[in-house]
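# Provided below are the primary sequence and the corresponding predicted coordinates.
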Amino acid sequence: MGQNQQANGTAVYRAGGNMDRAAQGSPLVGVGVGGPRARALHIEYAVLFYLMQGLGSILAIWWMLTHQTGWVEWSMFITGYLVINFGVGVGYHRYFTHHSFETTRWMQTLFAICGQMAAMGSIINWVADHRRHHAFGNVPGDPYGPTVDGHGRPMSGFKSFWMSHLGWLHDNTYSDWAIYAKGIADDPVLQFCHRTRYGWAIVSMILAPAAWGYFLGGPEHVIGTILIGGSLRCFIFSNGVAFNNSLAHKFGYRHFDEDSGATNNWFSALLTFGDGWHNAHHAAPRIASNQVTWWEIDINGSTIHAMEALGLAWKVQRRPKVTAKVLPRHMQKMFIFKSVPIVADSEYLVVRPAGGTPTSAGGGMLFADKSSPEEQLMVPAANSAVDTMEKSAALRSQ
Ligand SMILES: [Zn+2]
Ligand SMILES: [Zn+2]
């Protein structure tokens with residue numbers, strides 16, 4: 001990986017002070033360790049998660065116990081939750097990461113701004129980390145895998161749960177944008193959203209709830225609406241998304257026998273409007289809807305199909321008609337049942353197509369690919385996920 005590649009992928013951070021010099025030093029290609037950028041992420045996540053969301057939520061609970069709260073505070077909570085879920089679940093995840101559909105420039109911008117209002121950090125880091133999660137899925141290189149930490153070290157027990165949940169935010173590693181944020185890091189609108197991310201977090205958690213409380217309830221509702229409709233709302237949503245990495249890689253049932261160990265988990269599906277049907281998602285990351293059975297309601301998937309009906313989305317990726325056997329996990333064990341993958345990995349888990357230029361998991365390359373052809377994603381040959389990718393690439397090129 002050349003110096004040039006580093007420079008390309010980190011243009012926005014470099015503009016802020018050349019923060020990406022330390023992307024060397026990890027045995028995992030595409031993984032940066034330590035240095036100013038890792039330190040900046042420590043601070044960013046501490047401010048957004050632990051201070052604005054965490055401390056704000058503790059104060060929200062105290063406020064609920066000591067003050068009268070009602071529809072003003074909770075209507076902000078619900079409205080805001082719908083907005084940030086739309087931005088992250090439909091936008092960051094299914095559109096920017098996995099390219100499940102095409103949409104207009106205005107919708108891209110709307111997704112990005114709504115997503116930034118979830119206060120989960122930069123859209124570019126979010127997408128890069130998530131593409132890397134799919135590219136490696138449970139082997140060294142996965143930023144929030146259930147069995148390996150961000151440095152590729154094996155883990156188990158509660159540590160594995162915590163690191164895949166939120167602990168990975170502070171593991172001193174980060175994703176190389178040159179590889180994992182193609183088409184994202186070099187987009188001017190997304191660069192703008194990245195640079196203004198603290199501003200959107202403040203709008204979402206403070207200014208909008210304050211205005212909501214003031215105009216709908218009066219001055220005495222301002223603080224309660226900020227705490228409940230701002231901080232607590234973002235805190236619960238962030239944890240819902242994190243549950244997709246922790247709970248939905250450990251607990252639940254599986255339709256498909258794919259390598260990441262992802263499960264369908266109803267609790268995280270509830271909090272993230274369908275993203276918690278995570279086994280179905282990992283089996284075929286580009287598919288717009290995770291719904292396999294009638295009761296696995298996927299609101300984010302339905303949103304995309306509604307957008308399609310309105311002409312706001314097109315080229316929506318659909319799951320081939322299948323008959324999946326559905327058994328709870330304990331029954332799968334009882335009957336030594338392994339459901340057959342209904343969608344071949346080769347269709348979706350394309351990370352390195354023939355020719356060598358890396359794309360990201362799910363073919364999530366957006367906009368124009370400005371990478372040079374000599375850029376190569378170099379990965380250890382012994383890596384089983386890479387073997388899968390190479391097979392994928394070979395199949396693709398046929
Ligand atoms: Zn996952
Ligand atoms: Zn995904």
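Thanks, I have the structure now. Ligands and ions are numbered 1, 2, ... in the order given.
# only C-alpha atoms from now on, for both contacts and neighbour counts.
OK.
# confidence score at residue 259?
For residue 259, the pLDDT comes out at 80.
# what segments of the chain are strands?
Under the criterion DSSP state E, the chain contains strands at 31-33, 102-103, 173-175, 313-314.
# those strands: lowest mean pLDDT?
Across the strands of the chain, strand 31-33 gives the lowest mean pLDDT, at a mean of 88.
# partners of it, with directions?
strand 173-175 (antiparallel) (DSSP bridges).
# next one: the partner strand to chain centre, how far?
Going by C-alpha atoms, centre = their mean, to the nearest Å, the spacing between the C-alpha centre of strand 173-175 and its chain's C-alpha centre is 14 Å.
# chain neighbours aside, what residue packs nearest to residue 95?
residue 101 (6.4 Å; C-alpha to C-alpha, 6 or more residues apart in numbering).
# re the thing from before, could you export the strands of the chain to JSON lines, including columns for distance to residue 127?
Shown next, in JSON lines, are the strands of the chain (distance: least, C-alpha to C-alpha, whole Å):
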{"stretch": "strand 31-33", "distance to residue 127": "14"}
{"stretch": "strand 102-103", "distance to residue 127": "17"}
{"stretch": "strand 173-175", "distance to residue 127": "10"}
{"stretch": "strand 313-314", "distance to residue 127": "20"}
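# any chance of the ones you listed in CSV with mean neighbour count and distance to residue 259 as columns?
Shown next, in CSV, are those (neighbours: other C-alpha atoms under 10 Å; distance: least, C-alpha to C-alpha, whole Å):
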stretch, mean neighbour count, distance to residue 259
strand 31-33, 24, 21
strand 102-103, 18, 28
strand 173-175, 25, 21
strand 313-314, 18, 30
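# for residue 120, find the nearest of the ones you listed.
For those, distance to residue 120 was read as C-alpha to C-alpha. The smallest value, 14.5 Å, belongs to strand 173-175.
# just to revisit the earlier point, may I have the phi/psi pair for the residue nearest to residue 95?
With angles defined as degrees, to the nearest 10, residue 101 sits at phi -160, psi 170.
# wait, it sits on residue 316?
Yes: using C-alpha atoms under 8 Å, residue 101 makes contact with residue 316 at a distance of 4.3 Å.
# overlap in contacts of those two?
Counting by C-alpha atoms under 8 Å, 6 or more residues apart in numbering, the common neighbours of residue 101 and residue 316 are 288, 304.
# can I assume residue 120 is in contact with residue 47?
No: taking contacts as C-alpha under 8 Å, residue 120 lies outside contact range of residue 47: 10.4 Å.
# compare these two (neighbour count), which wins?
A count of neighbours by other C-alpha atoms under 10 Å puts residue 120 above the other of residue 120 and residue 47, at 24 against 17.
# now the more buried one: phi and psi?
The phi/psi pair for residue 120 (degrees, to the nearest 10) is phi -100, psi 20.
# again, but for residue 316
Per degrees, to the nearest 10, the backbone of residue 316 is at phi -70, psi 130.
# ok, now which ones touch it?
Contacts of residue 316 by C-alpha under 8 Å, 6+ apart are 100-102, 287-288, 304-305, 308.
# biggest separation within those, which pair?
Going by C-alpha to C-alpha, the pair spanning those furthest: 287 and 308, at 14.0 Å.
# and these two? Which one has more around it.
More crowded of residue 287 and residue 308, by other C-alpha under 10 Å: residue 287, with 24 against 17.
# give me the pLDDT for the more buried one.
Model confidence at residue 287 (pLDDT) stands at 92.
# try residue 123
In this model, residue 123 carries a pLDDT of 96.
# quick check: the spatially closest residue to it that is not a sequence neighbour vs residue 200, distance?
Spatially, and ignoring its direct neighbours in sequence, residue 123 is nearest to residue 194 (6.2 Å; C-alpha to C-alpha, 6+ apart). Noted for residue 194: a distance of 10 Å to residue 200, by C-alpha to C-alpha, to the nearest Å.
# which regions of the protein sit below the pLDDT cut-off?
Residue ranges of the chain with pLDDT under 70: 1-27, 321-398.
# circling back: wait, which of the strands of the chain is closest to residue 115?
strand 102-103 (15.9 Å).
# start to end distance for stretch 92-108?
Using C-alpha to C-alpha, one end of stretch 92-108 lies 9 Å from the other.
# could you do stretch 210-221 as well?
Across stretch 210-221, first to last residue, C-alpha to C-alpha, it's 8 Å.
# what's opposite residue 313 in the beta bridge?
residue 103.
# that one contacts residue 101, doesn't it?
Yes: contact criterion C-alpha under 8 Å: residue 313 and residue 101 qualify, at 6.2 Å.
# now do the shared contacts for the two.
Contacts common to residue 313 and residue 101, judged by C-alpha under 8 Å, 6+ apart, are residue 304.
# show me where the stretch 1-150 of the chain has its helices.
3-9, 11-15, 35-45, 56-66, 71-85, 105-116, 123-136 (DSSP state H, counting those that start in this stretch).
# out of the ones you listed, the one nearest residue 174 is which?
helix 35-45 (6.7 Å).
# can you list the buried residues in that closest one?
Using 16 or more other C-alpha atoms under 10 Å as the test for burial, helix 35-45 gives 35-38, 41-42, 44-45.
# same deal with stretch 135-154?
Neighbour counts over stretch 135-154 (16+ other C-alpha under 10 Å) mark 135-152 as buried.
# check stretch 76-96 too.
For stretch 76-96, by 16+ other C-alpha under 10 Å, it's 76-77, 80-96.
# residue 172 touches residue 31, doesn't it?
No: taking contacts as C-alpha under 8 Å, residue 172 lies outside contact range of residue 31: 10.2 Å.
# quick revisit: JSON lines for the buried residues of helix 35-45, including distance to residue 64?
Listed next are those as JSON lines, based on distance: C-alpha to C-alpha, whole Å:
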{"residue": "35", "distance to residue 64": "41"}
{"residue": "36", "distance to residue 64": "40"}
{"residue": "37", "distance to residue 64": "38"}
{"residue": "38", "distance to residue 64": "36"}
{"residue": "41", "distance to residue 64": "32"}
{"residue": "42", "distance to residue 64": "30"}
{"residue": "44", "distance to residue 64": "28"}
{"residue": "45", "distance to residue 64": "26"}
